[in-house]
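Student: Dropping a prediction and its sequence here:
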Amino acid sequence: MENLINIFVKSVFIDNMIFAYFLGMCSYLAVSKTVKTSMGLGIAVIFVLGITVPVDYVLENYVLKEGALVWLSPSLADVDLGFLSFIMFIAIIASMVQLVEMIVEKFSPALYASLGIFLPLIAVNCAILGGSLFMQERQYNTIAEATSFGLGSGLGWFLAIVGIAAIREKLRYSNVPVPLRGLGITFIITGLMGIAFMSFMGIKL
C-alpha cells in the first residue's frame, strides 16, 4: 500500500506530466483560458489515463512482451509482439477517448461545445501516450502500481491546467505589458510553476 501511495504522489508532484516533461502542452495552453473548461478537460484526462494505463499494462504483460503468451501455450514462449506496442497503445487510447467524448456530449453539451476540437485531440495528446510509455519503461510489477501511476499522472495534469486557468482568469484584471499578453505571459507563468513544482523533488519517497 505504501508503495502505491509513493507512486501516486511522485506521479502527481515530482514526475508531473506538464512541469517535469512538458507533455500535453497544446491542450494545456489552448483550453486553460477558463477554470470551467480546464476542469472538464482535466477530468477527462484523469479518466483516460486511469483506464488506458492499466489496460495497456495488461496488454503489455499478457500479450506483447516476449514470453507473454506462454499462458496460452508453452510453445509461444519465444513470441515477441513488442513491435506492436505503439499501435496497440494508440488504438486503446483512441477507443477510450471516443467513449469520453460520447459521455461528455450526452451529459454536458455545453462543456462539449466549449472544449471543441480539443476533446477528441486527447487521443493524440502526448501526455496520454506518454503515460503508457512511461509505464512500459518503468516496468511496474502489478496492475495496481500501473493504475496508481495512471491516476496520479492524470491528477497532476489536472492540477496543472486548473492552476494555470485560475491564474489566467486573474490576469485579465492585471496590467500585463502588451507584448506579453496571451501566450507570452502564460509561458512565463508555466515556467515559474514548473520551478515551484521542483521543490517537491525534496520529498523522500
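Tutor: The structure has been received and is ready for your questions. Residues are numbered from 1 along each chain as shown.
Student: C-alpha from now on. contacts and neighbour counts both.
Tutor: Fine.
Student: wait, what's in contact with residue 31?
Tutor: The contact partners of residue 31, by CA atoms under 8 Å, 6 or more residues apart in numbering, come to 37, 38, 41, 115, 118.
Student: Secondary structure element holding the fourth one?
Tutor: Which is residue 115. Per DSSP states H and E: residue 115 is located in helix 109-115.
Student: Next secondary structure after that helix?
Tutor: Next helix or strand after helix 109-115 toward the C-terminus (DSSP H and E): helix 126-138.
Student: Which neighbouring elements make contact with that following helix?
Tutor: Helix 126-138 sits against helix 35-59, helix 85-107, helix 143-171, with contacts defined as 3 or more CA pairs under 8 Å, 6 or more residues apart in numbering; DSSP states H and E.
Student: change it to 7 Å
Tutor: Applying 3 or more CA pairs under 7 Å, 6 or more residues apart in numbering; DSSP states H and E, one finds that helix 126-138 contacts helix 35-59.
Student: can you pull the buried residues of the helix it packs on?
Tutor: 35-42, 44-57, 59 (16 or more other CA atoms under 10 Å).
Student: same deal with stretch 109-123?
Tutor: Going by neighbour count (16+ other CA under 10 Å), the buried part of stretch 109-123 is 111, 112, 115, 118, 119, 122, 123.
Student: And those residues, which is closest to residue 165?
Tutor: Nearest to residue 165 among the buried residues of stretch 109-123 is residue 115, at 13.8 Å by CA to CA.
Student: what does the least confident helix or strand in the chain by mean pLDDT contact?
Tutor: Every helix and strand of the chain was ranked by mean pLDDT, DSSP states H and E. The lowest is helix 109-115, at a mean of 79. For helix 109-115, the external contacting residues (CA atoms under 7 Å, 6 or more residues apart in numbering) are 37, 40, 104, 105.
Student: ok, the third one to residue 168 distance?
Tutor: Taking CA to CA, to the nearest Å as the criterion, residue 104 is separated from residue 168 by 25 Å.
Student: do the same with the first one
Tutor: According to CA to CA, residue 37 stands 13 Å off from residue 168.
Student: one step back: output the helix holding residue 115 as PDB, nothing but the C-alphas.
Tutor: Written as PDB, here are the backbone C-alpha positions of helix 109-115 (Å, rounded to 0.1, in the frame of the first residue of the first chain):
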ATOM      1  CA  PRO A 109     -23.400  19.500 -24.200                       C
ATOM      2  CA  ALA A 110     -22.200  23.000 -23.100                       C
ATOM      3  CA  LEU A 111     -18.900  21.600 -21.900                       C
ATOM      4  CA  TYR A 112     -18.600  19.500 -25.100                       C
ATOM      5  CA  ALA A 113     -19.100  22.700 -27.200                       C
ATOM      6  CA  SER A 114     -16.600  24.700 -25.100                       C
ATOM      7  CA  LEU A 115     -13.900  22.000 -25.300                       C
END
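Student: Now do it: distance to the chain's middle.
Tutor: Put simply, helix 109-115 sits 20 Å off its chain's centre (CA atoms, centre = their mean, to the nearest Å).
Student: same check, this time on stretch 95-114
Tutor: Stretch 95-114 has its C-alpha centroid displaced from the chain centroid by 17 Å (CA atoms, centre = their mean).
Student: burial count for the closest residue in space to residue 165 that isn't next to it in sequence?
Tutor: Nearest residue to residue 165 in three dimensions, chain neighbours excluded: residue 32, at 4.5 Å (CA to CA, 6 or more residues apart in numbering). By other CA atoms under 10 Å, the residues close to residue 32 number 25.
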